[in-house]
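Peer 1: model the structure of this input:
(chains A and B)
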Amino acid sequence: MGMTRTALMQLGTSVLAGLERLGRAHLLLLATLCASDEVLRRPRLVLEQVFNIGTLSLVIVGVSGLFVGMVLGLQGYTVLAKFGAAESLGILVAASLVRELGPVVTALLVAGRAGSALTAEIGLMKATEQLAALEMMAVDPIRRILAPRLLGGLISMPLLAAIFSAVGVVGGYFVGVGLLGVDAGAYWGQMQARIDVQEDLVNGVIKSLVFGLVVTSVALFQGYEAVPTAEGVSRATTRAVVQSALLVLGLDFILTALMFGGD
Amino acid sequence: MFAEPPVNPDSGASSKESHAEPLVEIRDLCFRRGDQLIFADLNLDLPCGLVTAVMGPSGSGKTTLLKLITGQLKPDAGSIRVAGEEITRLDQQGLFRLRRRMGMLFQSSALLTDLSVFDNVAYPLREHTRLSPSLIRKLVLLKLEAVGLRGAWSLMPSELSGGMARRVALARAIALDPMMILYDEPFTGQDPISMGMLMALIRKLNDAARLTSILVSHDVQETLRIADWIYLIAEGRVLAQGTPAALTRDPSPWVRQFLDGLPDGPVHFHYPAPPLAKDLLGWG
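Peer 2: Okay, here's the model as predicted:
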């Protein structure tokens, strides 16, 4: 009886601590969004972050997109050829990339490369008292440090996902048309005819924006709340990547159900 | 209860100093961290225009006191008045307004690592003034000249020694010509030459710019040489206070143990523990 009671109390304490942390995360996100008017005064701050988060992720996103597109071309051709529909390879590759793989894989890659870097940067700024120094200089770190990074992530993610999808389509073309002999006109023609701007492209962009918000805000929160020690920053970085990845995959299911569930 | 004037008559301080108005008044301050009581009814006056040192053993709450004075932490009870403003009641805007008149030298220097020495010192000027770039350049070079590092303006923080980083941080702290500077363990980890430079800078800046300096340290000899008034704190309260001269003559066991660095005394060498024999034999 006593042990059950203790276990229940521990569970309750953990749940309450988790809810409190969730509340703090949302309050920080709200404060950061409210402080985003700083970018109107200093757009250069956001441009720097678009470079850090977006431009510096281009190589990993581009190379991954190429290989994912090539694998899609190969796998798609194998299945479609069995049903005599190999000419539909273009639409399969493009729809898979634009609707799902582009936003999701890009978000996972950005979480691993840029999200972890953001958490480590903010955590180390906290550990080395740089955030406290900003506050002592009457500069709000949320406004000056967090808000530009959040907006940088929001802007970068859809652009990176678009590049991922575009490179992936080219990768699928190389394998499908170049190696396996699918008709080039059919590959591009079916894609042009069947990919819908509203249903496919806009929904893909919406997903990317949501993932950009989630990945960046999780990374910033974990860095801002990191225990200011080497171990604390290390743990925060790991937590940022794991939580971002799980949230992206979970939200992808919910968003897909909302966008395409009735089809 | 706090009743004594902030300057001891034995100090040799001028009559002007001995009647200095307090810039910071702390009354009945209570602060806890978790279950640990850091301050219990602490009373302090930090007078205008003087170098006041707060000394005490590690963990006695010296840095916490600086954070409370600057509003980085909120006390559980009590009052902290800085330049007549009750800091515990200020919102973020009010705190930021007051902090523009304060400078703080952090123990780790806390330079922004992605900015050069010049940009670090220029940072508060660019944030809070509308001065032209050429005027900012002149001001930054003057501040760096004051700390002897004008020639290092283009270096990055990673290229500075610990002493140089602290002097750059000091130049940044005085960039907006504050009324008060708070020093958090400024001598920790410094070689004798850097320490001498920092001591001279703290004293000269205080006198030349008519600042009020609050120095938190456990480096006894260095602090005794530059402070006008010293508070010794431990166990959440002020155990002794006075001028350096008065404290060096103070016969109380605690003051003697701290100032002379005695390994045992009122502060025990051993952390509280059960008898050694019980610990060694208890687990068979």
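
Peer 1: does whichever residue of the stretch 101-250 of chain B sits closest to chain A count as helix, strand or coil?
Peer 2: In the stretch 101-250 of chain B, the residue that lies nearest chain A is B:A110 (3.7 Å; C-beta to the nearest C-beta). In short, each C-beta sits where N, CA and C put it, glycine included. Look at B:A110: counting by DSSP: H, G, I helix; E, B strand; the rest coil, its state is coil.

Peer 1: and B:R27, which helix or strand is it part of?
Peer 2: strand B:22-33 (DSSP states H and E).

Peer 1: ok, the residue positioned nearest the centre of chain A to chain B distance?
Peer 2: By C-alpha atoms, centre = their mean, chain A has its centre lying nearest to A:A107, at 2.4 Å. Distance, A:A107 to chain B, using C-beta to the nearest C-beta, to the nearest Å: 26 Å.

Peer 1: OK, contacts around that residue?
Peer 2: Residues near A:A107 by C-beta atoms under 8 Å, 6 or more residues apart in numbering or on different chains: A:M157, A:A161, A:S208, A:F211, A:G212, A:V214, A:V215, A:S244, A:V248.

Peer 1: could you do A:Q49 as well?
Peer 2: Contacts of A:Q49 (C-beta under 8 Å, 6+ apart): A:P148, A:R149, A:L151, A:G152, A:G153, A:S156.

Peer 1: go with 7 Å
Peer 2: A:P148, A:R149, A:G152 (C-beta atoms under 7 Å, 6 or more residues apart in numbering or on different chains).

Peer 1: from those, which land in helices?
Peer 2: Members of the contacts of A:Q49 lying in helices (criterion: DSSP state H): A:P148, A:R149, A:G152.

Peer 1: what about stretch B:148-159, near chain A?
Peer 2: No - applying C-beta under 7 Å from any C-beta of the partner chain, one finds stretch B:148-159 separated from chain A by no less than 9.7 Å.

Peer 1: what residues of that stretch count as buried?
Peer 2: B:L149, B:R150, B:A152, B:W153, B:L155, B:P157 (16 or more other C-beta atoms under 10 Å in any protein chain shown).

Peer 1: which among the contacts of A:Q49 count as buried?
Peer 2: Counted by 16+ other C-beta under 10 Å, the contacts of A:Q49 give A:P148, A:R149, A:G152 as buried.

Peer 1: so how far is chain B from the second one?
Peer 2: Okay, so that is A:R149. Taking C-beta to the nearest C-beta, one finds A:R149 at 13 Å from chain B.

Peer 1: now that residue: closest residue in space, sequence neighbours ignored.
Peer 2: Spatial nearest neighbour of A:R149, chain neighbours left out: A:Q49 (5.0 Å); criterion: C-beta to C-beta, 6 or more residues apart in numbering or on different chains.

Peer 1: and the one you found, what pLDDT?
Peer 2: Listed pLDDT for A:Q49 reads 94.

Peer 1: how near is it to A:A147?
Peer 2: 10 Å (C-beta to C-beta, to the nearest Å).

Peer 1: can you pull out the strands in chain B?
Peer 2: B:22-33, B:36-47, B:51-55, B:77-82, B:85-86, B:102-105, B:180-184, B:212-217, B:229-234, B:237-242 (DSSP state E).

Peer 1: got the ones you listed as JSON lines, with mean neighbour count and distance to chain A columns?
Peer 2: Listed next are these as JSON lines, based on neighbours: other C-beta atoms under 10 Å in any protein chain shown; distance: least, C-beta to the nearest C-beta, whole Å:
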{"stretch": "strand B:22-33", "mean neighbour count": "18", "distance to chain A": "14"}
{"stretch": "strand B:36-47", "mean neighbour count": "20", "distance to chain A": "17"}
{"stretch": "strand B:51-55", "mean neighbour count": "26", "distance to chain A": "17"}
{"stretch": "strand B:77-82", "mean neighbour count": "18", "distance to chain A": "13"}
{"stretch": "strand B:85-86", "mean neighbour count": "14", "distance to chain A": "14"}
{"stretch": "strand B:102-105", "mean neighbour count": "26", "distance to chain A": "5"}
{"stretch": "strand B:180-184", "mean neighbour count": "24", "distance to chain A": "9"}
{"stretch": "strand B:212-217", "mean neighbour count": "25", "distance to chain A": "13"}
{"stretch": "strand B:229-234", "mean neighbour count": "24", "distance to chain A": "22"}
{"stretch": "strand B:237-242", "mean neighbour count": "18", "distance to chain A": "25"}
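
Peer 1: any chance of those in a markdown table, plus mean pLDDT?
Peer 2: Listed next are these as a markdown table, based on pLDDT from 0 to 100:
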| stretch | mean pLDDT |
| --- | --- |
| strand B:22-33 | 91 |
| strand B:36-47 | 89 |
| strand B:51-55 | 93 |
| strand B:77-82 | 93 |
| strand B:85-86 | 92 |
| strand B:102-105 | 92 |
| strand B:180-184 | 94 |
| strand B:212-217 | 92 |
| strand B:229-234 | 91 |
| strand B:237-242 | 90 |
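
Peer 1: looking at those strands, which is closest to A:E135?
Peer 2: Each of those has some distance to A:E135 by C-beta to C-beta; the shortest is strand B:102-105, at 9.6 Å.

Peer 1: contact partners of that closest one?
Peer 2: Against strand B:102-105 from outside (C-beta under 7 Å, 6+ apart): A:136, B:70, B:166, B:169-170, B:173-174, B:178, B:180-184, B:186.
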